[in-house]
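A.B. asks: Below is the sequence, then the predicted model.
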Amino acid sequence: MVDLTSNNTLRLPAKAEKLIEINSEADIKKLPSENVLFLGTGANVLFKNNFSGTVALVKLGGSNIIKDSRNSVVIKLQAGVDWHEFVSSVVENNLSGVENMALIPGKVGAAAVGNIAAYGQNQEDVFVSLEAFNLKSKKTEVFTKNDMEFSYRESILKKKSGEYLVISVTYKLSKTAHLELSYHASRHASLLPTLREIAKEPYTVRDVFNAVVKMRTEKLPDPKNIGTAGSFFKNPLISKNHYFSLKSLVSGLQAYPPEQLKYEVESTWLEKTDVVKVPAGRLLDELGWRDKKIGNVGTFHNHALTVVTYPGATGREVYEFAENMRADVKKHFEIDLEYEVVIV
């Protein structure tokens, strides 16, 4: 058995039967056809148990420009490229499309599979295609945006976990800044106030990037200093009527359009939908889960949605803590929180 403690950002003790690194096409061809778990930085995984199979560390690196036109750049990145380093390089070249997703931990392949988003900007909006290796057929397949079946924090490849290895992802970035500044939450700092602190209009892509980095640094734990997997639960989708009933119980509760966390005045969209999205962190906040600690597990002092671990924590302990959070939300608000982390 191989130790995986250093391969997950929750820093939980776990083991696998075998650990291999994927650095090249030759390594890909050596993969078994089943019972494989792919890891980048291990930033979105909870090892509740040991893994009775092969863990493959995706370290495919490199990128190249596919097309450079007057208005945009199309770039192909290997799946093991660090996401934040990619965003930083994009901003450095004054390109737009991913600046709001700065400082999200993980690799490019995982970002596409998990369909990440932040502060009103979405990975799927710049996604063009990806290449993935089918472990059973031993063939490489191309997935277009339609093929990926993107939805909130979901994709077809996330549903087929362990069946495909993402090799590369292609994105299209704009040479014209299309700044997304609509993100707004009543109880937490929004982009605009932070932007106004650090820059003057007209804002640039670099300004937005710096604002996001400042906000995330101040409000979220640093994986280098404490065990964390970021947001533990997805923001739940509930009926519009359910939302109206919750507003009387949870002060300042906001609703968002179902497919993305983008702030819009409710009157412009709410009457056109039967389903809304509400922030899980706000619900947990209301129930006192922020900065709570039980044993060796707790939540971050600035964010109730972020579970953190302390020395001695086990995967089972983290899972029981998270299940207590889910049970509390279910009891008080009749909402079943869905995990964002992958549970092994």
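C.D. replies: Good, I have the coordinates.

A.B. asks: Need the nearest residue in space to Ala162, chain neighbours excluded.
C.D. replies: Let me fix one detail, which is that residue 162 is Gly and not Ala. Closest residue in space to Gly162, ignoring its immediate chain neighbours: Val36 at 5.5 Å, by C-beta to C-beta, 6 or more residues apart in numbering. All C-beta atoms are positioned from the backbone trio N, CA, C, and that covers glycine.

A.B. asks: mind checking how far the one you found is from Asn8?
C.D. replies: Per C-beta to C-beta, to the nearest Å, Val36 is found 16 Å from Asn8.

A.B. asks: do the same with Glu317
C.D. replies: In terms of C-beta to C-beta, Glu317 sits 14 Å off from Asn8.

A.B. asks: Which of the two has more residues huddled nearby?
C.D. replies: Set side by side, Glu317 and Asn8 show more neighbours around Asn8, with 24 against 17, by other C-beta atoms under 10 Å.

A.B. asks: so is the residue nearest to the more buried one when sequence neighbours are not counted in a helix, a strand, or just coil?
C.D. replies: Take Asn8 and drop its neighbours on the chain: the residue closest to it by C-beta to C-beta, 6+ apart is Gly42, 3.6 Å away. Taking DSSP: H, G, I helix; E, B strand; the rest coil as the rule, one finds Gly42 in the coil state.

A.B. asks: correct me, but Gly42 touches Asn7?
C.D. replies: Yes. Gly42 is within contact range of Asn7, at 4.7 Å (criterion: C-beta atoms under 8 Å).

A.B. asks: Would you mind naming the residues that bridge with Glu154?
C.D. replies: Ser151 (DSSP bridges).

A.B. asks: What about it, how many residues nearby?
C.D. replies: Glu154 has 15 neighbouring residues, counting by other C-beta under 10 Å.

A.B. asks: From Trp289, how far off is the residue nearest in space to the middle of the chain?
C.D. replies: In the chain, the centroid-proximal residue (C-alpha atoms, centre = their mean) is Ile116; its distance is 4.3 Å. According to C-beta to C-beta, Ile116 and Trp289 sit 23 Å apart.

A.B. asks: Likewise for Gly80?
C.D. replies: Note on Gly80: its distance to Trp289, by C-beta to C-beta, is 34 Å.

A.B. asks: swap in Leu12?
C.D. replies: For Leu12 relative to Trp289 (C-beta to C-beta), the value is 20 Å.

A.B. asks: So between those two, which is more surrounded?
C.D. replies: Comparing Leu12 with Trp289 by neighbour count (other C-beta under 10 Å), the higher total belongs to Leu12, at 24 against 21.

A.B. asks: Touching, Pro105 and Leu10? I think so.
C.D. replies: No. Counting by C-beta under 8 Å, Pro105 does not reach Leu10; the two are 11.6 Å apart.

A.B. asks: These two: which has the busier surroundings?
C.D. replies: Leu10 (27 against 22).

A.B. asks: tell me the contacts of that one?
C.D. replies: Listed by C-beta atoms under 8 Å, 6 or more residues apart in numbering, the contact set of Leu10 reads Gly42, Val45, Leu46, Phe47, Gly227, Thr228, Ala229, Val307, Thr309, Ala313, Gly315, Val318.

A.B. asks: for the chain, what's the longest helix?
C.D. replies: For the chain, the longest helix by residue count, based on DSSP state H, is helix 315-333.

A.B. asks: buried ones in that helix?
C.D. replies: Gly315, Glu317, Val318, Tyr319, Phe321, Ala322, Met325, Arg326, Asp328, Val329, Phe333 (16 or more other C-beta atoms under 10 Å).

A.B. asks: and Ser89, that one's in a helix?
C.D. replies: Yes. Assessed with three-state DSSP, Ser89 lies in a helix.

A.B. asks: And the next helix or strand past the longest helix of the chain?
C.D. replies: The helix or strand immediately downstream of helix 315-333 is strand 342-343, counting by DSSP states H and E.

A.B. asks: which SS state does Pro13 fall under?
C.D. replies: Secondary structure, three-state DSSP: Pro13 is coil.

A.B. asks: Retrieve the pLDDT associated with it.
C.D. replies: pLDDT recorded at Pro13 is 95.

A.B. asks: hang on, it packs against Thr314?
C.D. replies: Yes. The pair Pro13 / Thr314 is scored as a contact, 6.6 Å apart, by C-beta under 8 Å.

A.B. asks: quick one: which of these two has more around it?
C.D. replies: For Pro13 versus Thr314, neighbours defined as other C-beta under 10 Å are more numerous around Thr314 (17 against 14).

A.B. asks: Tally up the residues packed near Gly80, please.
C.D. replies: Applying other C-beta under 10 Å, we find 23 other residues in the vicinity of Gly80.

A.B. asks: cool, and Val55?
C.D. replies: The burial count for Val55: 22, using other C-beta under 10 Å.

A.B. asks: residue contacts, it?
C.D. replies: The contact partners of Val55, by C-beta under 8 Å, 6+ apart, come to Val2, Leu4, Asn7, Ala16, Lys18, Leu19, Ile20, Val36, Leu37, Phe38, Leu39.

A.B. asks: Kindly recompute the last result at 6 Å.
C.D. replies: Contacts for Val55 (C-beta atoms under 6 Å, 6 or more residues apart in numbering) come out as Ala16, Leu19, Leu37, Leu39.
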